[in-house]
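Enquirer: Output the structure for:
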Amino acid sequence: MADIVFIVRDALASSLVGTLLAALEAKENGLDVGVLFTQEALAAVAGGSFIWPRELSGQEMRYALADRGKALGLPVAGRSESRQLDAKGLIATAREKGVALYACPWWSALLGLGEQAPTGFQTVDRRGALALLRQAKQVVGSL
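Expert: Residues are numbered from 1 along each chain as shown. Next up, the predicted model:
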């Protein structure tokens, strides 16, 4: 049973980074943590991309986020003038540090992913997803 289940539903890199930072912090503090990817976020993981919102996407902001993120131990893609926080790399970091990643079964079906979860994600069927949400001590986010 998870202590906390976070739900990521949009493909904004800023939402992903914020959610995974909170999940990693919870994990580092001894909690059992899961992250359920749904809607746009699941589509981005399955082959799309995470985008930065307008206010966080300018070149100077991208550099600042990459530099400050690197100081926090976040993965950075590119070097020099092409550097930026690596949103998909952060997913891999969370998985490596023990955060359980799940693909929403309802959106997996809608997106045509079938029962095959993206690489590194745990497969959960509809009944299992309901159990994950019902048994979690706390759920943060919405489907």
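Enquirer: Would you mark the buried spots in the helix or strand in which residue 133 is found?
Expert: Taking DSSP states H and E as the criterion, the element that holds residue 133 is helix 126-135. By neighbour count on 16 or more other CB atoms under 10 Å, the buried set for helix 126-135 is 129, 132. Bear in mind the C-beta positions are built from the backbone N, C-alpha and C, glycine included.
Enquirer: Packing partners of the lowest-mean-pLDDT helix or strand in the chain?
Expert: Comparing every helix and strand of the chain by mean pLDDT, DSSP states H and E singles out strand 84-85 as the least confident one, with a mean of 74. Using 3 or more CB pairs under 8 Å, 6 or more residues apart in numbering; DSSP states H and E as the contact test, the elements touching strand 84-85 are helix 59-71, strand 76-77.
Enquirer: Swap in 6 Å and give it another go.
Expert: helix 59-71 (3 or more CB pairs under 6 Å, 6 or more residues apart in numbering; DSSP states H and E).
Enquirer: Who are the packing partners of the helix it packs on?
Expert: Using 3+ CB pairs under 6 Å, 6+ apart as the contact test, the elements touching helix 59-71 are strand 84-85.
Enquirer: Now tell me what touches the strand it packs on from outside.
Expert: With contacts defined as CB atoms under 6 Å, 6 or more residues apart in numbering, strand 84-85 is touched by 62, 65-66, 69, 74, 77-78.
Enquirer: Same question for stretch 102-116.
Expert: Outside stretch 102-116, the residues within contact range by CB under 6 Å, 6+ apart are 34, 36-39, 42-43, 46, 117, 121-122, 124-126, 129.
Enquirer: thinking again about what came up before, beyond the least confident helix or strand of the chain, next helix or strand please.
Expert: Once the chain leaves strand 84-85, the next helix or strand it forms, by DSSP H and E, is helix 87-96.
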